[in-house]
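# Need a 3D model of the sequence below.
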Amino acid sequence: MTAIETQVQYNSSYLMISSEDYMVPEEDWDRDLLLDPAWEKQQRKTFTAWCNSHLRKAGTQIENIEEDFRNGLKLMLLLEVISGERLPKPDKGKMRFHKIANVNKALDFISSKGVKLVSIGAEEIVDGNVKMTLGMIWTIILRFAIQDISIEETSAKEGLLLWCQRKTAPYRNVNVQNFHISWKDGLALCALIHRHRPDLIDYSKLRKDDPVGNLNTAFEVAEKFLDIPKMLDAEDIVNTPKPDEKAIMTYVSCFYHAFAGAEQAETAANRICKVLAVNQENERLMEEYEKLASELLEWIRRTIPWLENRVAEQTMQAMQQKLEDFRDYRRVHKPPKVQEKCQLEINFNTLQTKLRLSNRPAFMPSEGKMVSDIANAWKGLEQVEKGYEEWLLTEIRRLERLDHLAEKFKQKCSLHEAWTTGKQELLSLKDYESASLIEIRALMRKHEAFESDLAAHQDRVEQIAAIAQELNELDYHDAATINARCQGICDQWDNLGTLTQKRRDSLERVEKLCETIDQLYLEFAKRAAPFNNWMDGAMEDLKDMFIVHSIEEIQSLKAVFSQTPPLHLLADKERVAIMGIQNEILKIAQTYGIKVLGENPYTVITPQDIINKWEAVKQLGPMRDQILQEEVARQQANERLRRQFAAQANIIGPWIQTKMEEISHVSIDIAGSLEEQMNNLKQYEQNIINYKSNIDKLEGDHQLSQEGLIFDNKHTNYTMEHVRVGWEQLLTTIARTINEVENQILTRDAKGISQEQLNEFRASFNHFDRVRYEPGPVLVYSIEFFSDLSDLQKRNGMMDPDDFRACLISMGYDLGEVEFARIMTLVDPNNTGVVTFQAFIDFMTRETAETDTAEQVMASFKILASDKTYITVEELKRELPPEQAEYCISRMTRYVGSDAPPGALDYTSFSSALYGESDL
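Have a look, this model is predicted:
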């Protein structure tokens with residue numbers, strides 16, 4: 001233990017005690033509290049009681065702490081009691097110097113214990129200085145009651161605080177953090193007592209809101225049962241904002257020393273329990289080893305006889321079951337025992353290690369249960385196990401050979417029996433009696449193939465007999481079944497040989513009888529096939545569908561058919577000859593009693609087929625002539641429709657072409673006023689409308705032509721589609737031209753452009769109005785109405801961007817890329833790639849005419865608003881007509897500004913919106 005130096009310094013204002021190891025420097029407010037009379041009262045009472053608790057051992061006590069220690073006698077006695085040492089003999093005199101000498105002896109003894117006293121002299125103690133006396137007693141308490149307290153490398157105050165925290169940690173409403181306010185409610189003191197002597201206090205009945213009762217309970221129990229005198233008053237502690245720390249520490253240290261003996265007993269009991277626990281664990285391990293060793297040895301004893309059994313089974317299934325049992329033994333039963341054996345060795349080694357570490361004698365198992373005994377028994381088990389496995393495999397291989405031969409015998413028998421199934425019935429058939437020569441020959445070839453197959457199966461029959469003999473030699477357990485099946489196969493084989501030879505003889509006899517009739521069938525087939533093909537061709541020609549589109553084509557076809565001679569006169573002779581061959585076949589069959597089938601094996605053509613086709617050919621000639629006459633009449637009617645349509649189309653087509661050219665000239669003609677052009681175009685429009693009846697009549701003729709399936713007309717170059725497209729373009733052109741002239745009139749009147757300016761714009765536009773195109777399907781039709789294609793190309797009513805740029809340059813514009821792009825957004829806002837005449841006129845009028853701007857409209861509104869930046873509803877109604885005033889009021893937004901009255905309107909944004917300059 002490191003020596004502790006304690007300095008006690010006294011001055012006129014306060015007393016400070018410091019310690020390097022166990023005292024924490026007091027804060028400023030703590031120093032002030034040392035002057036509190038309540039603190040002095042608590043220290044006086046506590047220190048007095050503490051001194052008396054030791055002095056009574058010497059049969060004395062003190063009443064007044066500052067008076068009773070003045071002569072130094074009781075002070076020396078107190079030090080002898082608490083230290084257990086003898087101090088120098090005190091002076092017996094009553095003079096002041098005697099007292100000072102005695103006190104100095106006491107102070108010297110304190111200093112000899114490593115406590116450094118500062119500013120504490122014997123004179124102050126002799127003079128009865130209370131603060132110096134209390135400081136000296138506190139120094140003694142620290143040195144002899146608190147300094148030796150040590151908990152986990154902490155000592156003195158910190159050790160005592162840690163001891164209190166640990167002892168009271170499990171208790172509710174207790175949180176010891178210091179030696180003053182943490183003890184005010186008395187629960188911490190009651191918890192300390194209950195922790196060591198739960199029989200003295202029922203902690204569950206204590207209440208945190210009764211601090212005086214809790215403190216008195218602790219004081220009374222401690223004094224009565226723990227021999228700790230009452231050193232404090234409950235009321236003083238409760239009524240003091242911060243109880244005196246030294247008084248609390250002094251009192252609590254008494255509990256520590258009171259319970260120290262109990263803790264030593266607890267430590268001794270724990271040591272005994274620990275030793276007993278180790279011994280019990282060792283005994284448990286010994287018993288477990290004995291139990292596991294006995295069980296393992298018993299299992300080995302039961303298993304070895306089973307593995308030594310070498311009685312072989314008669315069947316492969318039984319031997320495989322033995323092998324499966326052995327495999328279960330290896331997979332299921334033995335692995336846990338291997339683990340038990342390993343665990344047994346581990347437990348034995350662990351037990352010996354624990355006994356050695358705990359200074360116990362080594363464990364000696366019962367006789368025959370040593371680790372070496374178990375290892376020897378295990379070795380014997382594995383040797384028997386290895387021999388058993390080898391015997392099992394040998395027996396299984398032996399039975400496997402027998403089972404293989406038996407299975408091979410069954411397989412070959414099954415194949416042979418499957419092959420012979422139905423063979424006896426097949427050989428017994430008399431199908432050749434009603435067969436043709438071809439079928440007889442086919443049956444002969446089939447029978448030869450069967451004979452080859454029969455010879456090939458001879459080897460399998462011999463193998464079956466050989467396997468059966470080997471199974472008998474090896475004493476197969478089911479040899480009787482094998483022999484019976486083998487004998488049945490041999491008997492069946494002999495019967496098949498007899499039936500095969502008998503069928504061959506029958507087939508050869510019938511074959512010779514059928515060859516004569518077959519020659520006649522062949523002759524019939526050779527002559528009937530060409531004649532049948534000739535009749536098919538004749539019928540195809542007479543039934544052939546023909547398609548003609550003109551009267552010339554049908555007349556030509558009729559002339560060709562009229563030149564063909566009568567067909568039945570040329571082929572009747574051949575027909576008679578073929579039918580004679582068939583009659584000869586029937587005659588021979590009746591003479592020799594041969595069954596003749598109704599079908600010729602060399603052809604599908606029957607005599608009845610020839611008779612039927614011959615009758616059909618004779619009837620098709622007149623039918624063809626009738627169809628030709630009907631087609632001639634239809635083509636004559638179609639020719640009349642062609643001529644009727646061509647006569648009208650040849651008039652309407654040129655008329656449409658002429659009107660298109662006239663309208664084009666009117667639209668580009670700059671002579672005359674716009675009103676005159678409008679009148680001329682209206683007259684053209686009325687004439688075109690009046691001509692619509694001719695188009696309708698032509699549509700009717702076209703409908704008749706389509707119903708008659710007329711697709712060409714050599715009498716005209718105009719089709720109905722050409723006329724329709726031309727008519728639609730004519731209507732579109734006149735309507736568009738009238739609209740352009742109307743827009744020009746509106747532009748002229750609205751912008752104040754003269755007729756001369758408009759004519760100049762038209763001349764410039766016409767000069768650059770040309771189109772570069774690739775004709776589409778619709779334009780191809782319209783081109784046919786124009787005799788001069790260059791007119792169509794150069795008068796399109798639109799300019800591309802390059803022509804428009806050239807036109808502007810010719811009119812004196814100096815264009816850069818940016819400026820030209822701006823102009824294009826004006827004349828082509830939809831980005832179509834062309835500039836129409838109307839867009840050109842609008843652009844030129846904006847460039848030449850005077851127009852209103854958003855700024856001018858704003859200036860006008862500002863005048864109406866008397867130079868204000870907003871305008872009111874009343875001003876609009878007063879200055880504008882009602883309709884225009886309501887229009888402005890409904891569209892103007894509210895004016896935003898601090899200087900405007902409620903309901904003021906924003907005419908600036910409204911004016912910008914009129915010219916597209918805002919989002920209004």
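
# where in the stretch 651-800 of the chain is pLDDT low?
For the stretch 651-800 of the chain, the stretches with pLDDT under 70 are 667-671, 751-752, 770-797.

# in it, which spans are strands?
With strands called from DSSP state E, counting those that start in this stretch, the stretch 651-800 of the chain shows them at 798-799.

# The chain now?
6-10, 15-19, 150-151, 154-155, 798-799, 835-836, 893-894, 905-906 (DSSP state E).

# Quick one: list the elements packing against the last one.
Packing contacts for strand 905-906, counted by 3 or more CB pairs under 8 Å, 6 or more residues apart in numbering; DSSP states H and E, involve strand 893-894. Where you see a C-beta, it was placed from the backbone N, CA and C, and this is true even at glycine.

# in its sheet, what does the strand it packs on sit against?
strand 905-906 (antiparallel) (DSSP bridges).

# Look up phi and psi at the closest residue to residue 136 other than its chain neighbours.
Of all residues not flanking residue 136 in the chain, residue 120 sits nearest, at 5.7 Å (CB to CB, 6 or more residues apart in numbering). When read as degrees, to the nearest 10, the backbone of residue 120 gives phi -110, psi 110.

# What separation do you get for residue 120 and residue 245?
20 Å (CB to CB, to the nearest Å).

# same thing with residue 363?
Distance from residue 363 to residue 245, by CB to CB: 58 Å.

# So between those two, which is more surrounded?
residue 245 (21 against 16; other CB atoms under 10 Å).

# circling back: number of residues surrounding the residue nearest to residue 136?
Around residue 120 there are 22 residues (other CB under 10 Å).

# Tell me if I'm right that it and residue 132 touch.
Yes. The pair residue 120 and residue 132 passes the contact test of CB atoms under 8 Å, sitting 5.7 Å apart.

# how near is residue 710 to residue 309?
Counting by CB to CB - residue 710 and residue 309 are separated by 111 Å.

# So for these two, which residue has more residues nearby?
residue 710 (18 against 9).

# you'd agree the more buried one is up against residue 641?
Yes. The pair residue 710 and residue 641 qualifies as a contact (CB under 8 Å) at a distance of 6.1 Å.

# Excluding covalently adjacent residues, which one is nearest to residue 470?
Residue 470 sits nearest to residue 405 (CB to CB, 6+ apart), 6.2 Å away.

# Provide a list of residues in contact with the one you found.
The contact partners of residue 405, taken as CB atoms under 8 Å, 6 or more residues apart in numbering, are 467, 470, 471, 474, 476.

# What confidence value was assigned to it?
Per-residue pLDDT puts residue 405 at 83.

# Helices along the stretch 701-850 of the chain, start to end?
In the stretch 701-850 of the chain, the segments counted as helices under DSSP state H, counting those that start in this stretch are 720-751, 755-768, 777-783, 789-794, 801-810, 817-827, 837-848.

# And those helices: which comes nearest residue 115?
Closest of these to residue 115 is helix 817-827, at 103.5 Å (criterion: CB to CB).

# If you average the pLDDT over the closest one, what comes out?
If you average the pLDDT values across helix 817-827, you get 83.

# list the helices and strands that helix packs on?
Partner elements for helix 817-827 (3+ CB pairs under 8 Å, 6+ apart): helix 801-810, helix 837-848.

# least reliable of those helices going by mean pLDDT?
helix 837-848 (a mean of 74).

# Show me what that one is packed against.
Checking 3+ CB pairs under 8 Å, 6+ apart, helix 837-848 ends up next to helix 720-751, helix 755-768, helix 817-827.

# Pull the residues that contact that helix.
Outside of helix 837-848, the residues within contact range by CB under 8 Å, 6+ apart are 740, 743-744, 747, 750-751, 753, 757-758, 761-762, 765, 769, 797-799, 804, 807, 823, 826-828.

# In contact with the closest residue to residue 621 other than its chain neighbours, which residues?
In space, and not counting its chain neighbours, residue 621 is closest to residue 542: 6.5 Å by CB to CB, 6+ apart. By CB under 8 Å, 6+ apart, residue 542 lies in contact with 617, 620, 621, 623, 624.

# Among these, which one is most surrounded by other residues?
residue 617 (17 neighbours).

# so it touches residue 537, yeah?
No. With contact defined as CB under 8 Å, residue 617 does not count as touching residue 537 (10.1 Å).

# Quick check: neighbours shared by those two?
Common neighbours of residue 617 and residue 537 (CB under 8 Å, 6+ apart) do not exist.

# Just confirm residue 250 contacts residue 50, I think it does.
Yes. Shown here, residue 250 and residue 50 form a contact pair, counting by CB under 8 Å, at 5.3 Å.

# Tell me how far residue 223 lies from residue 62.
In terms of CB to CB, residue 223 sits 18 Å off from residue 62.

# Which one's more surrounded, the two?
residue 62 (18 against 14).

# need the contact list for the more buried one.
48, 51, 52, 55, 68, 69, 74.

# from the residues you listed, which ones fall inside helices?
48, 51, 52, 55, 68, 74 (DSSP state H).

# Are any of the contacts of helix 837-848 buried, and if so which?
740, 744, 747, 751, 753, 757-758, 761-762, 765, 769, 797-799, 804, 807, 823, 827-828 (16 or more other CB atoms under 10 Å).

# Count residues in the vicinity of residue 320, would you?
Counted with other CB under 10 Å, residue 320 comes out at 15.

# Do you know the pLDDT at it?
Per the predicted model, pLDDT is 78 at residue 320.

# Once you drop chain neighbours, what's closest to it?
Per CB to CB, 6+ apart, closest to residue 320 is residue 396, 6.9 Å.

# What is the neighbour count of the one you found?
Residues within reach of residue 396, counting by other CB under 10 Å, total 18.

# Show me the shaky parts of the stretch 151-300 of the chain.
Ranges of the stretch 151-300 of the chain meeting pLDDT under 70: 152-153, 261-271.

# Surely residue 201 is in contact with residue 219?
No. Residue 201 lies out of contact with residue 219 (CB under 8 Å); the separation is 11.9 Å.

# Export stretch 303-315 to CSV, keeping only CA atoms.
What follows is stretch 303-315 as a C-alpha-only set of coordinates in CSV (Å, rounded to 0.1, in the frame of the first residue of the first chain):
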residue,chain,number,x,y,z
THR,A,303,-21.4,-57.4,-32.5
ILE,A,304,-18.4,-59.8,-32.9
PRO,A,305,-20.5,-63.0,-32.9
TRP,A,306,-22.8,-61.6,-35.5
LEU,A,307,-19.8,-60.7,-37.7
GLU,A,308,-18.3,-64.2,-37.2
ASN,A,309,-21.5,-65.9,-38.6
ARG,A,310,-20.5,-67.4,-42.0
VAL,A,311,-23.7,-69.4,-42.9
ALA,A,312,-24.4,-68.6,-46.5
GLU,A,313,-27.9,-68.1,-47.9
GLN,A,314,-29.4,-69.9,-50.9
THR,A,315,-30.7,-66.8,-52.8
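
# May I see the buried residues of that stretch?
Quick answer for stretch 303-315 (16+ other CB under 10 Å): 303, 304, 307.

# Show me the contact partners of it.
Under CB under 8 Å, 6+ apart, the answer for stretch 303-315 is 319, 321-322, 329, 380-381, 384-385, 387-388, 391, 395, 399, 477.

# Of those, select the buried ones using a ChimeraX command.
Here is the ChimeraX command that selects the buried residues among these (16+ other CB under 10 Å):
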select :319,322,329,381,384,385,388,391,395,399
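
# Reformat the contacts of stretch 303-315 as CSV; add distance to residue 89.
Output for those, formatted as CSV (distance: CB to CB, whole Å):
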residue, distance to residue 89
319, 110
321, 107
322, 105
329, 95
380, 90
381, 90
384, 95
385, 95
387, 100
388, 100
391, 105
395, 110
399, 115
477, 122
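
# Could you point out which of the contacts of stretch 303-315 is nearest to residue 664?
For these, the nearest to residue 664 is residue 321 (112.3 Å; CB to CB).
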